[in-house]
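Novice: Structure, please.
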Amino acid sequence: MKAELIAEQLVDLHNDTGFSKLASFAVEGLLTAEEMETDLGQLIEKQAYAEDCTYADDINRMFSIATPFETKLSALYATKCASLLPGEVVNRINDACNIYGVNIQVPTVNKVASVLDDPQILAAIDEFDREWIDTEAGFESEVNKYASAEGYGTELDTCLAARAYFATEPEEIEAIQGLAKVASKIDPADMVELIATIDSELGLDTPHMQRLVGSPEYAVYEKVASSNMVNLGSTSVPLSSIEPFQDELKDIGVNLDWDGESGDALQLQIEALPSQVKDVIGGWVR
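Specialist: Below is the predicted model of the structure:
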């Protein structure tokens, strides 16, 4: 089952819905106007059914290398999911590029692991590992610690686990798991960018795969954005948008214990205020 899912998410001419990737190649100047005049429908039909077509991936009949142009297309698509492709497939594409004189080389390095190969993140992972050795707390308590880190929602674990599932190399899985362990030490906005980069390198940045693994923004922010929505009567706003106005609230006689109370308790207290006061708060956050 996992092999079938991986085959489905590989980016090539067969499953480039709406030719969005192909269009991006043209926009980036990687395909000439003459090349774009190719009858792509006929090319896809040939790749799908022709008995004499040669594929870099024979098992899945993907990444045709039968002609110089097909080799170039295959190489361009393969760069979008190189970390998902078996090494022998990448090697066949690169060999065909060399034979045909196509100036493209599909990378064979583990790019997902290198995305996280940042001194600050590595130091955070080392610190986590030391704390993990010293503590007697179980794994579940540590999961709760970083899953509920300030500024994050509660979907991060699930979304990172989904990405680890679709990773094929042990180093990729280890890197994603390491990122999850140190999430509380990484700014949420930086985490969104890291996850987006990982998705690009793993080929998970298609609409179909984003629905399966959750977008980077969903992974980081969703539960925060959707929870503790305060009903002010005429509008509803996130509790987090009211918090910066603590001094203003005190000036109008509303004293809330932002440090001692839970988000749910603060939400109920604000919603119980007179409508006139809630209208004033709504004016601040609009």
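Novice: where do the helices sit along the stretch 1-150 of the chain?
Specialist: 2-9, 20-27, 33-36, 40-49, 68-78, 87-100, 111-115, 119-134, 139-147 (DSSP state H, counting those that start in this stretch).
Novice: no, scratch that, I was asking about the stretch 151-286 of the chain
Specialist: Under DSSP H, counting those that start in this stretch, the stretch 151-286 of the chain gives helices at 156-166, 170-181, 188-202, 207-213, 216-226, 239-242, 246-251, 263-271, 275-285.
Novice: mean confidence score for the last one?
Specialist: Confidence for helix 275-285, expressed as mean pLDDT, is 86.
Novice: buried sites along stretch 206-215?
Specialist: Neighbour counts using 16 or more other C-beta atoms under 10 Å place 206, 209, 212, 213, 214, 215 of stretch 206-215 among the buried residues. For glycine as for every other residue, the C-beta is placed from the backbone atoms N, C-alpha and C.
Novice: Could you do stretch 82-99 as well?
Specialist: If you call a residue buried by 16+ other C-beta under 10 Å, then stretch 82-99 has these buried ones: 82, 83, 84, 85, 89, 90, 92, 93, 94, 96, 97.
Novice: contacts for it?
Specialist: Taking contacts as C-beta atoms under 8 Å, 6 or more residues apart in numbering, the residues outside stretch 82-99 that touch it are 6, 9-10, 56-57, 63, 65, 71-72, 74-75, 78, 102-108, 110-112, 166-169, 172, 201-203.
Novice: first to last residue in stretch 181-196, what's the distance?
Specialist: 18 Å (C-alpha to C-alpha, to the nearest Å).
Novice: What score does residue 93 have for pLDDT?
Specialist: 91.
Novice: Pull up the gap between it and residue 240, please.
Specialist: Note on residue 93: its distance to residue 240, by C-beta to C-beta, to the nearest Å, is 48 Å.
Novice: Max pairwise distance over the buried residues of stretch 82-99: which two?
Specialist: For the buried residues of stretch 82-99, the maximum inter-member distance is 19.9 Å, found between 83 and 96 (C-beta to C-beta).
Novice: What is the neighbour count of residue 231?
Specialist: As a burial measure, residue 231 scores 12 neighbours (other C-beta atoms under 10 Å).
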